[in-house]
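A.B. asks: The following comprises the amino acid sequence and a computationally predicted model.
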Amino acid sequence: MQKEKNRTSLIPSSKIHIVGKGAIGLLLSHYLTKNTSNSVSLCLRGNQKETTFNYQNNTLIEQIALTHSEKNNESIHFLIIPTKSYDVLTAFLSIKDRLTNNAVIILCHNGMGTIEQIKPHLIENQSLFFLTTTMGAYKPKPNHVIHTGFGTSTLGPINQPAINNRKMIFKALSNCIPQMVLSRNIKQLLWRKLMINIAINPLSAIYNVKNGALNQPRFALEVFQLLHEAYLVAQNEGIDISFSKTLNLAYAVMSTTAKNYSSMNRDHNLGKLTEISAISGYIVELAKQYNIETPYNKYVLLKLL
Ligand code: PAF
């Protein structure tokens, strides 16, 4: 079959499975299918109804070219899990038996702790990657995603098969997803993302403000202290990270996503479980091992649990 002009295919099978119907998963589905020959199938939980989904940005509204995965019998070669951190393991285990021997699995969420949960379940040639993104999106309705912030997305290989495949997978994803970066240092990538989330998400939820409002002087002490506590833990963990650069990066993300409400703000407002345990909770727990005091992270953890 002749390919249409400008059409790209992600991987030989070009069939991508995405778990759930969260805002970031729908955003990725939009990019992975728009002007490409890829097909994206959503894997929904048994009780979730099949429906159509729309993507909206400043200039357009259009239907996302998605299909729904035929439950249980279709094998999966390329899987993206963009669920909340606390849902990753359950989502993975519900699909694990359908993964091919050399499947590519990409985790994409805020917070830490899931890599350790997933790794023991992988077989030899399955590749595990992490994708972080500063693109912002929210869902005003269950089947409608609004793209509010344009930012970079960084792919990092986690295990050896992923390190071997990284260039091919990166090239394929960067053909579809804007502003992609490939990271060589997965630990640093995850910590950098964690620090951005620590500086933005809890305060945006507690004070119910958009990300851009957090650059006001009245929030400066809390932003600084939350980040500094995390930085001290990172140093003890042997992470090569600079405090001033991380602080600058957090302020830069506040600016690029100024008009967004963070994901934690949305969850908190809707009375949903937030990812605070995998963000500030992770720092509070790890800090105990090094006798580091974390009063600011403890405070936001208790407020948002
Ligand atoms: O969680 C979020 O909302 C995002 O990770 C970020 C980068 C803080 C932007 O809003």
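C.D. replies: Sure, I can see it. Residues are numbered from 1 along each chain as shown.
A.B. asks: tell me which element residue 90 falls in.
C.D. replies: helix 88-95 (DSSP states H and E).
A.B. asks: helices and strands around that helix, which ones?
C.D. replies: Where contact means 3 or more Cβ pairs under 8 Å, 6 or more residues apart in numbering; DSSP states H and E, helix 88-95 is packed against strand 15-19, strand 76-81, helix 114-118. Backbone N, C-alpha and C define where each C-beta goes, glycine included.
A.B. asks: tilt between the lengthiest strand in the chain and helix 88-95?
C.D. replies: Under DSSP state E, the strand in the chain containing the largest number of residues is strand 99-107. Interaxial angle of strand 99-107 relative to helix 88-95 (axes from the mean of the first three to the mean of the last three Cα atoms, to 10 degrees): 160 degrees.
A.B. asks: Report the distance from strand 99-107 to the chain centre.
C.D. replies: Distance, stretch centre to chain centre, for strand 99-107: 17 Å (Cα atoms, centre = their mean, to the nearest Å).
A.B. asks: Okay, now the sheet partners of it, with direction.
C.D. replies: strand 76-81 (parallel), strand 127-133 (parallel) (DSSP bridges).
A.B. asks: And the helices and strands packed on helix 88-95: which comes nearest the ligand?
C.D. replies: Closest to the ligand of the helices and strands packed on helix 88-95 is helix 114-118 (Cβ to the nearest ligand atom; 15.1 Å).
A.B. asks: if you skip the residues just before and after it, what's nearest to residue 264?
C.D. replies: Sequence neighbours aside, residue 201 is the residue nearest to residue 264 in space, at 3.8 Å (criterion: Cβ to Cβ, 6 or more residues apart in numbering).
A.B. asks: Against residue 221, how distant is the one you found?
C.D. replies: Using Cβ to Cβ, to the nearest Å, residue 201 is found at 17 Å from residue 221.
A.B. asks: neighbour count winner among those two?
C.D. replies: It is residue 201, of residue 201 and residue 221, that has more neighbours when counted by other Cβ atoms under 10 Å, with 28 against 10.
A.B. asks: Contact partners for the more buried one?
C.D. replies: Residues in contact with residue 201 (Cβ atoms under 8 Å, 6 or more residues apart in numbering) are 110, 262-265, 274-276, 279.
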